[in-house]
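Trainee: Coordinates only, no sequence provided:
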């Protein structure tokens, strides 16, 4: 696998892991404690989801043009 493709895949996996943790632990814990950082965590969650979509689209483009090898 070319380094650029590995980097995209690795970054996508990392972002997906961040979203999973935010949804399943960080935001939920902040909600339970009525924590002042809840708004920041929700904003980070939305940013991570947006980044995932950008990376997904890039990987799809590379696959479609036979550059994901």
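Mentor: Received the coordinates, thanks. This structure is a prediction, so every number in the text was calculated from the model and none was measured.
Trainee: gap between the most centrally placed residue in the chain and residue 8?
Mentor: Geometric centre of the chain, nearest residue: residue 15, 2.6 Å, by Cα atoms, centre = their mean. Per Cβ to Cβ, to the nearest Å, residue 15 is found 11 Å from residue 8. C-beta: built from backbone N, CA, C; applies to glycine.
Trainee: What of residue 68?
Mentor: Distance from residue 68 to residue 8, by Cβ to Cβ: 8 Å.
Trainee: And for residue 40?
Mentor: Residue 40 is 27 Å from residue 8, by Cβ to Cβ.
Trainee: Of the two, give the one with the bigger neighbour count.
Mentor: Neighbour tally, residue 40 and residue 8, criterion other Cβ atoms under 10 Å: the higher count belongs to residue 8, 17 against 11.
Trainee: Check which helices and strands the helix or strand where the more buried one lies sits against.
Mentor: For residue 8, the element it lies in under DSSP states H and E is helix 3-21. Helices and strands touching helix 3-21, by 3 or more Cβ pairs under 8 Å, 6 or more residues apart in numbering; DSSP states H and E, are helix 38-64.
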